[in-house]
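S.K.: When you get a sec, could you give me coordinates for this:
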Amino acid sequence: MSLDADQIVERRRLRRKVTFWRVLGVLGVVAAVAVGVSALIGRDIPASSPHVARIMIGGIIRNDRERVELLEEIGRSRASAVILSIDSPGGTVTGSEQLFDALRRLAAKKPVVAVVEGVAASGAYIAALGADHIVARRNALVGSVGVIYQFPNFTELLKTVGVTMEDIKSSPLKASPNPYTPVTPEARAAVDSLVKDSYAWFKDLVGDRRKLSDAKLANVSDGRVFTGHQGLELQLVDELGDERTARAWLAREKGVSEALKVRTWRTKEVGDEFGWLLGAARGVVSALGFPQAAALLTDAAKGALERSQLDGLLALWHPRS
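M.R.: This is a model prediction of the structure:
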């Protein structure tokens, strides 16, 4: 009887192992297919043929030399126009500035229209300002004109565990503020000057690109986000609609035929468009019987991965949950 019970337990263990490896095998196949499909979507149209180029701006914006080179390549291609599809909360100030400058150079060669699919906040709105025309969905979010500098401070925690950080510096403001000592008024003032300087640049950019009076600029530059509908009235966007609206504007104002096909251009880096990998990881953990842990793990991993790569001044909208 005991032998039969042991055999049953062993068979169950073997079955679990076989199931686990089958799941991994299926995920491997899905991953390979997804990579192939992602590489092919929107790229069946050769760059040497007349077309409308589509660029996706999603996730956290940071310095990206490959994306700048991609925009330069589009400028040399036979694309008749460019659609900038945006769904991003922003990112670093320098990364957003880099993207804006690259888009303005591209706009000098070809008409560029931005389409806000979900969010174009903070640094992503800076990217939208690089376009000649901004279209937003009625309930998309735009704006969040502002700059933030964040850093953790572990001073109280270190006191609790009995640890003191000592440093010897060439001057009082060297490496200040740091997370291990209380922030001095001088260090806070120094960072405040950085934030205000970048904020002034952001405000001036909005005022110049959107042709806003001082009064209207003050209304939209307090850090709030607005719906596309509100943004239209506030002159943050030019039209409500979607990519079809953008194509109609290109045809009407720039003479770009609506019969031209759209080609999606992508960099070679694995970016936010590969969010399916997180989904696959979530599927594995769920298959093992931990659905809640899977949700927490993947959400936390995604947020941590993106924010861990950010440093310095941020033009980023992240509502508190």
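
S.K.: got the buried residues for stretch 194-212?
M.R.: 195, 198, 199, 202, 203, 205, 206, 207, 209, 210, 212 (16 or more other C-beta atoms under 10 Å). (Each C-beta comes from the backbone N, C-alpha and C, glycine too.)

S.K.: what about the fifth one, is that helix, strand or coil?
M.R.: Here residue 203 takes the helix state, with states given by DSSP: H, G, I helix; E, B strand; the rest coil.

S.K.: Just give the closest residue to it, not the sequence neighbours.
M.R.: Nearest in space to residue 203, with sequence neighbours left out and distances taken as C-beta to C-beta, 6 or more residues apart in numbering, is residue 221 at 5.0 Å.

S.K.: tell me the contacts of that neighbour?
M.R.: Taking C-beta atoms under 8 Å, 6 or more residues apart in numbering as the criterion, residue 221 is in contact with 145, 146, 202, 203, 206.

S.K.: element containing the last one?
M.R.: Pointing back at residue 206 there. When elements are assigned from DSSP states H and E, residue 206 belongs to helix 185-210.

S.K.: rewinding a little: pLDDT score for the residue nearest to residue 203?
M.R.: On pLDDT, residue 221 comes in at 96.

S.K.: what about the helix holding residue 206, distance to the chain center?
M.R.: Here the centre of helix 185-210 is set off from its chain's centre by 22 Å, with C-alpha atoms, centre = their mean, to the nearest Å.

S.K.: What is it packed up against?
M.R.: Judged by 3 or more C-beta pairs under 8 Å, 6 or more residues apart in numbering; DSSP states H and E, the packing partners of helix 185-210 are helix 93-107, helix 123-129, helix 214-220.

S.K.: Mind checking the pLDDT average for the host helix or strand of residue 115?
M.R.: Assigned by DSSP H and E, residue 115 belongs to strand 112-121. The average pLDDT for strand 112-121 rounds to 97.

S.K.: Pairing partners for it, with directions?
M.R.: strand 79-92 (parallel), strand 133-136 (parallel), strand 141-143 (parallel) (DSSP bridges).

S.K.: Send me the second one as PDB with only the CA atoms.
M.R.: The one in question is strand 133-136. Once non-C-alpha atoms are left out, strand 133-136 reads as follows in PDB (Å, rounded to 0.1, in the frame of the first residue of the first chain):
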ATOM      1  CA  HIS A 133       0.700  69.800 -35.800                       C
ATOM      2  CA  ILE A 134      -0.600  68.000 -32.700                       C
ATOM      3  CA  VAL A 135      -3.700  65.700 -32.800                       C
ATOM      4  CA  ALA A 136      -5.000  64.200 -29.600                       C
END
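
S.K.: Good, wrapping up.
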